[in-house]
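Visitor: What shape does this take:
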Amino acid sequence: QVQLVESGGGLVQAGGSLRLSCAASGRTFSSYAMGWFRQAPGKEREFVAVISGTGGRADYADSVKGRFTISRDNAKKTVYLQMNSVKPEDTAVYYCAAGMLVTTARTQYNYWGQGTQVTVSS
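Guide: Coordinates of the predicted model:
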């Protein structure tokens, strides 16, 4: 069982930066791939980034590639999403998730956090 708690959301101006954190409970954090997803009002939840258990592999949605960076600290049981050069279209509730596969598929993730709101003003 894994419990996930996101933090770090807020209001930021376009072009600015924000770092999201996701703290996990449980003894097997390093066994899980960790993903970030986001959901804007009226839209489906979409993949943002994923990182493998060791941190050696990461993948990004095309819309954030080159601007966002996912990382993890297994000793702290925390995964991060560094968001740079943010745009108004990045406005959404951001969720972290844990699963056994390094995948973009939302259905493959077993555990989800409650989400943190990110709002980008133009």
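Visitor: When you work out contacts or count neighbours from here on, use the C-alpha atoms and nothing else.
Guide: Noted.
Visitor: how much space is there between Pro88 and Cys22?
Guide: 22 Å (Cα to Cα, to the nearest Å).
Visitor: out of these two, which sits in the busier spot?
Guide: Remark: of Pro88 and Cys22, Cys22 carries more neighbours, 25 against 15, as counted by other Cα atoms under 10 Å.
Visitor: so that one touches Glu6, yeah?
Guide: Yes - under the criterion of Cα atoms under 8 Å, Cys22 makes contact with Glu6 at 4.2 Å.
Visitor: so what's in contact with those two at the same time?
Guide: Jointly contacting Cys22 and Glu6 under the rule Cα atoms under 8 Å, 6 or more residues apart in numbering are Cys96, Gly113.
Visitor: ranges for the helices of this protein?
Guide: For the chain, helices defined by DSSP state H do not occur.
Visitor: now the strands for it?
Guide: Secondary structure of the chain (DSSP state E): strands at 4-7, 10-13, 18-24, 33-39, 46-51, 58-60, 68-73, 78-83, 92-99, 109-112, 116-121.
Visitor: Export the ones you listed as TSV, with columns for mean pLDDT.
Guide: What follows is the strands of the chain, written out as TSV (pLDDT from 0 to 100):
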stretch	mean pLDDT
strand 4-7	98
strand 10-13	98
strand 18-24	98
strand 33-39	98
strand 46-51	98
strand 58-60	98
strand 68-73	98
strand 78-83	98
strand 92-99	98
strand 109-112	97
strand 116-121	98
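Visitor: show me the contacts for the residue nearest to Thr78 when sequence neighbours are not counted.
Guide: In space, and not counting its chain neighbours, Thr78 is closest to Ala23: 4.5 Å by Cα to Cα, 6 or more residues apart in numbering. When contacts are counted by Cα under 8 Å, 6+ apart, Ala23 touches Leu4, Val5, Glu6, Lys76, Lys77, Thr78, Val79.
Visitor: Derive a PyMOL selection command for the buried subset of these.
Guide: Applying 16 or more other Cα atoms under 10 Å to the contacts of Ala23, the buried members can be selected in PyMOL as follows:
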select buried, resi 4+5+6+77+78+79
